[in-house]
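A.B. asks: sequence first, then the predicted structure:
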Amino acid sequence: MVMKEYLSLAETAELIGKSKETLRRWDNEGILNAVREPVSNYRVYRRKDIEKLLGKLFDEVVEEEVSNYVEPEKDYNVLELFAGAGGLAVGMEKAGLKCVALNEIDKWACQTLRKNRPNWNVLEGDIKNFDFSEYKNSVDVVTGGFPCQAFSYAGKKLGLNDARGTLFYEFARVVKEVNPLICIGENVRGLLSHEKGKTLEGMISILDEIGYKVVPVQVLKAIHYKVPQKRERLILVGIRKDIDTVYKYPEPYNKIYNLSDALKKGDLFDTNVPKSEGSKYPKHKKEVLDLVPPKGYWRDLPINIQKEYMGKSFYLGGGKTGMARRIGWDEPSLTLTCSPAQKQTERCHPDETRPFTVREYARIQTFPDEWQFMGSISQQYKQIGNAVPCNLGKEIGYSIINFLNEYYLKSNKSEASISLAKAL
Ligand SMILES: C[S@@+](CC[C@H](N)C(=O)[O-])C[C@H]1O[C@@H](n2cnc3c(N)ncnc32)[C@H](O)[C@@H]1O
């Protein structure tokens, strides 16, 4: 097997997720030393040095000083839209919020929700067909991971009616109907740049029109919230304009969990991952991936196999570090997608040449082992891949509780002072 012993500055930066500037600084500080190519004098990195450093970065025992934990001062109700298999809902429930109803169109995802929480009020069907006015003023929070769609612009500030036909319109329509104190939308990082930022701008202006001020948008990295996966989620928080309580995003934790924490007994889970079904690689793909070491990717293949496996992509530049990728035990998993064996986003098991099983997938998304998924294996992978990791959902849940505790404390105080004034 031919192993690439040296990686360029750009390849190293991409592999370990740091900028080239950071790597240059690390070189000067002796954290990760580069060597110089004799002819070009470019910096290149020894693979074994990178592996050693990655191991150190993720193994480091960090004293945790952060805690977002907070107890709800009273019962808080959530209406969860686009609920999927319940990643966000499970997380919010763990934090101490109560889901009064969940809407979802996919019948398998609805079966998953009902199977695990027979008491939850699962409203199955297209959101367009539901009227939520019965929840008016009785729900504290409306949440939802609406699928992202482009708006058609007439060149002016976007209003609610201009967005008709999109799922964001439905999200905003329900918020307007229910009048919660706070609404939280969840989406992919790509929303920031979708239509050069106009889509997000339009969403903010629509929320403004229906009476919600949007908090500066943040992209939360799941690895900072006890999730052994490099997933990112954009969070769009709207606060009803008559409320002056400040919303604070959950604080990131110092400790980073890795694949071993996901699949083996340890801090995150009390047992090793349970056995379960999973998909398999076709024979040829397995033969190719057999040649890739943990944390390796297509560049670790013999050159003739690289060319054959990559086809045209071989000549097209760019790192393509997701191709023929095998995850290592001492790193977080790369983002899981809706299907576990896609060529551009391969995530092979570290020791065995196969995709992650359904239960391994669920662990990497921090679903509890008891949470069952309904439907065929590919339906199950899809539901898991679509989810907000439960542990991230839990931290978002704490941030909501914190906001609501402060809001009710303030409004109780002002009510008390009004009645005192009346009594005097
Ligand atoms: C990103 S997923 C949400 C994941 C979920 N928040 C979780 O944490 O598991 C988006 C969901 O929206 C659902 N959806 C798409 N169109 C819908 C519609 N018209 N009405 C209701 N749900 C819809 C999809 O079936 C999918 O499950």
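C.D. replies: Perfect, thanks for sending it. Computed from a predicted model, the values in this text were never measured in an experiment.
A.B. asks: alpha carbons only for contacts and neighbour counts from here, please
C.D. replies: Fine.
A.B. asks: after the helix or strand containing R233 comes which helix or strand?
C.D. replies: In the assignment (DSSP states H and E), R233 maps to strand 232-240. Heading C-terminal from strand 232-240, the first helix or strand you meet, by DSSP H and E, is helix 259-263.
A.B. asks: circling back to that earlier point, partner strands of the strand holding R233, parallel or antiparallel?
C.D. replies: strand 182-187 (antiparallel), strand 212-214 (antiparallel), strand 218-221 (antiparallel) (DSSP bridges).
A.B. asks: show me what the helix or strand just after the first one is packed up against.
C.D. replies: The reference is to strand 182-187. The element immediately downstream of strand 182-187 (helix or strand, assigned by DSSP H and E) is helix 198-209. For helix 198-209, the elements it packs on are helix 167-178, strand 212-214, judged by 3 or more C-alpha pairs under 8 Å, 6 or more residues apart in numbering; DSSP states H and E.
A.B. asks: and the contacts of the shortest one?
C.D. replies: Applying C-alpha atoms under 8 Å, 6 or more residues apart in numbering, the set of residues contacting strand 212-214 from outside is 204, 207-208, 236-241.
A.B. asks: give me that answer again for 10 Å
C.D. replies: 172, 175-176, 179-184, 203-208, 236-243 (C-alpha atoms under 10 Å, 6 or more residues apart in numbering).
A.B. asks: off-centre distance for it?
C.D. replies: 23 Å (C-alpha atoms, centre = their mean, to the nearest Å).
A.B. asks: list the buried residues for it?
C.D. replies: Residues of strand 212-214 classed as buried: 212-214 (neighbour count, 16 or more other C-alpha atoms under 10 Å).
A.B. asks: same check, this time on the first one
C.D. replies: When burial is assessed from 16+ other C-alpha under 10 Å, helix 167-178 yields the following buried residues: 167-178.
A.B. asks: can I get stretch 128-145 in CSV, CA atoms only?
C.D. replies: The C-alpha trace of stretch 128-145 is given here as CSV (Å, rounded to 0.1, in the frame of the first residue of the first chain):
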residue,chain,number,x,y,z
LYS,A,128,-49.9,23.9,5.0
ASN,A,129,-53.0,22.0,6.0
PHE,A,130,-52.9,22.7,9.7
ASP,A,131,-54.3,25.6,11.6
PHE,A,132,-52.5,26.1,14.9
SER,A,133,-54.7,28.9,16.3
GLU,A,134,-55.9,26.6,19.1
TYR,A,135,-52.3,27.1,20.6
LYS,A,136,-52.6,30.9,20.5
ASN,A,137,-51.0,32.4,23.6
SER,A,138,-50.6,28.9,25.2
VAL,A,139,-47.2,28.1,23.8
ASP,A,140,-44.0,29.7,25.0
VAL,A,141,-41.8,28.6,22.1
VAL,A,142,-42.3,27.7,18.5
THR,A,143,-39.3,25.8,17.0
GLY,A,144,-38.7,24.3,13.6
GLY,A,145,-36.0,23.2,11.1
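A.B. asks: is that stretch up against the ligand anywhere?
C.D. replies: Yes. Using C-alpha under 6 Å from any ligand atom, stretch 128-145 reaches the ligand at G145.
A.B. asks: quick one: mean pLDDT for that stretch?
C.D. replies: When pLDDT is averaged along stretch 128-145, the result is 98.
A.B. asks: what comes up buried for it?
C.D. replies: Quick answer for stretch 128-145 (16+ other C-alpha under 10 Å): 132, 135, 138-145.
A.B. asks: next: stretch 68-84.
C.D. replies: 68, 70, 72, 76-84.
A.B. asks: cool, and stretch 9-16?
C.D. replies: Buried residues in stretch 9-16 (16+ other C-alpha under 10 Å): 9-15.
A.B. asks: just how off-centre is that stretch within its chain?
C.D. replies: Its chain's C-alpha centre and that of stretch 9-16 lie 23 Å apart, by C-alpha atoms, centre = their mean.
A.B. asks: which residues does that stretch contact?
C.D. replies: Against stretch 9-16 from outside (C-alpha under 10 Å, 6+ apart): 6-8, 17-24, 34, 42-47, 50-51, 53-54, 57, 295-297, 318-322, 331.
A.B. asks: go on, stretch 313-322?
C.D. replies: Against stretch 313-322 from outside (C-alpha under 10 Å, 6+ apart): 10-12, 14-15, 295-299, 306-308, 310, 334-335, 342-347.
A.B. asks: can you select the buried ones from the residues you listed in PyMOL?
C.D. replies: This is the PyMOL syntax for the buried subset of the contacts of stretch 313-322, where burial follows 16+ other C-alpha under 10 Å:
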select buried, resi 10+11+12+14+15+295+296+297+298+299+306+307+310+334+335+345+346+347
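A.B. asks: narrow the contacts of stretch 313-322 to those in helices?
C.D. replies: Mapping those onto helices (DSSP state H) picks out 10-12, 14-15, 306-308, 310.
A.B. asks: near the ligand, which residues of this protein show up?
C.D. replies: Within the chain, the residues that sit near the ligand (C-alpha under 6 Å from any ligand atom) are 82-88, 103-106, 125-127, 145-147, 386-388.
A.B. asks: Y42 against Y6, yeah?
C.D. replies: No. Contact criterion C-alpha atoms under 10 Å: Y42 and Y6 do not qualify, at 11.6 Å.
A.B. asks: of these two, which one has the most company?
C.D. replies: Neighbours were counted for Y42 and for Y6 using other C-alpha atoms under 10 Å; Y6 has more, 19 against 12.
A.B. asks: which residues does the more buried one bridge with?
C.D. replies: R46.
A.B. asks: hmm, it is touching K48, no?
C.D. replies: Yes. Taking contacts as C-alpha under 10 Å, Y6 lies within contact range of K48: 8.9 Å.
A.B. asks: residue ranges in the stretch 101-250 of the chain under the pLDDT threshold?
C.D. replies: Within the stretch 101-250 of the chain, the stretches with pLDDT under 70 are 154-155.
A.B. asks: redo the buried residues of stretch 128-145 as JSON lines? Include secondary structure.
C.D. replies: Converted to JSON lines, the buried residues of stretch 128-145 look like this (DSSP: H, G, I helix; E, B strand; the rest coil):
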{"residue": "F132", "secondary structure": "coil"}
{"residue": "Y135", "secondary structure": "helix"}
{"residue": "S138", "secondary structure": "coil"}
{"residue": "V139", "secondary structure": "coil"}
{"residue": "D140", "secondary structure": "coil"}
{"residue": "V141", "secondary structure": "strand"}
{"residue": "V142", "secondary structure": "strand"}
{"residue": "T143", "secondary structure": "strand"}
{"residue": "G144", "secondary structure": "strand"}
{"residue": "G145", "secondary structure": "coil"}
